[in-house]
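*Asks:* Below are the sequence and a predicted model for it; my questions follow.
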Amino acid sequence: ICLRWVTCHGREISPRKIQAITLLINVVGLINRRDLPQAFVPANYMGRVFIGSFSPDLTFSVWVNILLLPAFAAVGCWRLPVATMSECLGVLLNEVIVVVFMSCVFGQINSTTYQQEVATMELESKASELQMHMTETENVLSAARKLLSVTCDCCERLSHKWDIIEPTQRVLELLRYPGARKAGEKPPTLSLRQCIAPTDQDRFSGFVSSSGDSNAPSALHLRMKDFSGKAFDAKLFHVNVPSLLTRHPQHLVGIIATSRQTDSIPSIPEGEVFEATDEDLSETRSTSGDSEPSLSSRLRSVWAADAASLAWQAVTAKFQDWLDTIDCVGLKLDLCTGAEGYVVREAKIHFKELEVGQGPCTALYSLVKPKYQIIIEDWLQEHMNAWYRGIQCDEHCLGIKLTLPMLGSVLVGDMSVDSITERAEKDELHLEMAVELRNFLSTPSRHPDACG
């Protein structure tokens with residue numbers, strides 16, 4: 001009855017009550033043994049071990065059996081038909097052996113229980129620490145996706161089959177998915193391959209096959225199409241994400257649409273002025289034979305002069321901005337060529353080291369014609385992807401037209417990468433590329449006066 005009451009589900013018992021119940025059960029066993037038949041005496045011993053092993057306080061059970069040892073010995077002597085001294089000593093020795101064995105059993109149970117409790121506590125501690133690490137990793141990944149969502153138009157997680165998993169609202173709006181703004185109509189997955197323009201399907205397939213062999217980040221410039229059938233230029237940033245649930249890695253992709261942001265007002269080409277229309281030229285030719293110029297021809301002459309003056313001011317202002325970015329120019333002179341005026345063997349232009357936004361700085365795209373920028377972008381990304389993977393890339397960029405301040409347009413026949421270096425500065429990593437330009441050709445300008 002006591003055991004049934006103690007082991008009832010959901011019952012909370014204080015340590016004092018547990019000790020009182022343990023003492024009561026042992027005393028009841030002692031009294032029960034007085035009239036117990038001899039054949040059931042071993043069962044009484046096993047009952048004492050059974051009761052003690054189920055006690056939450058094993059040390060207290062051992063001490064109860066030690067204190068009740070004289071009483072059990074006295075009951076055993078009282079049960080003898082003839083209680084001689086030798087038989088009483090035998091009963092006492094038997095009780096001592098029983099208590100010693102019982103103490104060893106209880107000690108082993110207590111030690112095993114303690115080791116299990118320690119292992120459980122360590123496991124709970126490791127599980128809690130692992131949960132904290134998992135939460136921290138999820139927070140870092142969430143922060144990384146938020147950061148990419150700021151720098152990119154959208155950031156999506158892809159399966160090993162390059163299907164967008166749980167596409168966000170931003171990618172649906174970018175691809176103009178039907179019903180993108182309606183709640184509850186988001187597809188669970190979306191194939192990225194069907195959003196690639198047919199002309200770049202082969203390039204995308206090669207990019208997919210090469211990206212699966214390395215965990216290095218990579219980028220690709222290509223044309224995509226939305227669900228309305230309109231194509232647009234885009235840039236993909238990709239990195240593999242190892243998966244523990246599947247044998248194949250997943251992918252994290254950032255997408256930037258580069259062709260949907262257009263200026264509403266066209267810019268005047270550097271070093272050029274607006275050309276006259278065919279009607280203006282015909283009027284000019286028809287009135288060229290007159291002795292006195294007409295009013296319209298004089299106005300056109302004034303407008304052309306003003307346009308040339310404004311264009312020249314814009315060119316000189318840009319040239320001054322470019323000069324402000326130069327820190328110093330290093331020249332290597334041949335001192336044995338004094339008769340020729342000291343030939344310059346090498347010249348290096350050192351620009352000021354300014355952070356973006358702190359002042360004027362020279363950018364490569366500011367010297368490159370817009371239609372060549374996409375070619376250079378693909379060429380640079382190929383070398384960066386190869387550098388991340390640790391492989392050699394010998395691809396050259398051929399036939400690029402540069403616009404140099406005050407010099408006009410120059411055709412660069414060959415651009416090659418000399419080296420890519422990585423340096424650390426103030427806990428920040430900087431990736432620098434050394435580029436060599438060879439085979440220069442001058443391109444004729446339609447307005448040499450505007451180029452200076």
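*Replies:* Thanks, I have the structure now. Residues are numbered from 1 along each chain as shown.
*Asks:* use CA for all of it now, contacts and neighbours both
*Replies:* OK.
*Asks:* What's the first helix or strand after the helix or strand harbouring G107?
*Replies:* G107 is part of helix 85-151, with elements assigned from DSSP states H and E. Taking DSSP H and E as the definition, the helix or strand that follows helix 85-151 towards the C-terminus is strand 154-158.
*Asks:* contacts for that next one?
*Replies:* The contact list for strand 154-158 (CA atoms under 8 Å, 6 or more residues apart in numbering) reads 145, 148-149, 164-168, 170-171, 250-256.
*Asks:* same deal with stretch 417-428?
*Replies:* When contacts are taken as CA under 8 Å, 6+ apart, the neighbours of stretch 417-428 outside the stretch itself are 383, 387, 396, 429-436.
*Asks:* For that stretch, C-alpha coordinates in PDB please.
*Replies:* These are the backbone C-alpha positions of stretch 417-428, laid out as PDB (Å, rounded to 0.1, in the frame of the first residue of the first chain):
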ATOM      1  CA  VAL A 417      45.100  40.100 -65.700                       C
ATOM      2  CA  ASP A 418      48.600  40.100 -64.300                       C
ATOM      3  CA  SER A 419      47.800  39.100 -60.700                       C
ATOM      4  CA  ILE A 420      45.000  39.000 -58.000                       C
ATOM      5  CA  THR A 421      46.100  39.700 -54.400                       C
ATOM      6  CA  GLU A 422      44.300  39.800 -51.100                       C
ATOM      7  CA  ARG A 423      45.400  42.100 -48.300                       C
ATOM      8  CA  ALA A 424      44.100  42.800 -44.800                       C
ATOM      9  CA  GLU A 425      43.700  46.300 -43.500                       C
ATOM     10  CA  LYS A 426      42.000  47.300 -40.300                       C
ATOM     11  CA  ASP A 427      40.300  43.900 -39.900                       C
ATOM     12  CA  GLU A 428      39.000  44.200 -43.500                       C
END
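*Asks:* average pLDDT across it?
*Replies:* Stretch 417-428 comes out with an average pLDDT of 78.
*Asks:* what does stretch 98-114 give?
*Replies:* Mean pLDDT, taken over the full extent of stretch 98-114, equals 82.
*Asks:* What residues of that stretch count as buried?
*Replies:* Across stretch 98-114, burial judged by 16 or more other CA atoms under 10 Å covers 98-99, 102-103, 105-107, 110.
*Asks:* Spell out which residues make up each domain of this structure.
*Replies:* Taking automatic domain parsing as the reference, the chain has its domains at 2-126, 152-257, 362-451.
*Asks:* Among those domains, show me which one is buried the most.
*Replies:* Of all these, domain 152-257 carries the top mean neighbour count, a mean of 16, counting by mean count of other CA atoms under 10 Å.
*Asks:* re earlier: mind checking which of the contacts of strand 154-158 land in strands?
*Replies:* 164-165, 250-256 (DSSP state E).
*Asks:* Closest one of these to K126?
*Replies:* Nearest to K126 out of the ones in strands among the contacts of strand 154-158 is Q250 (CA to CA; 27.5 Å).
*Asks:* Report the separation between the closest one and Q201.
*Replies:* Q250 sits at a distance of 20 Å from Q201 (criterion: CA to CA, to the nearest Å).
*Asks:* quick revisit: by how many degrees do the helix holding G107 and strand 154-158 diverge?
*Replies:* 140 degrees (axes from the mean of the first three to the mean of the last three CA atoms, to 10 degrees).
*Asks:* elements contacting helix 85-151?
*Replies:* Using 3 or more CA pairs under 8 Å, 6 or more residues apart in numbering; DSSP states H and E as the contact criterion, the neighbours of helix 85-151 among helices and strands are helix 41-53, helix 58-67, helix 69-78, strand 154-158.
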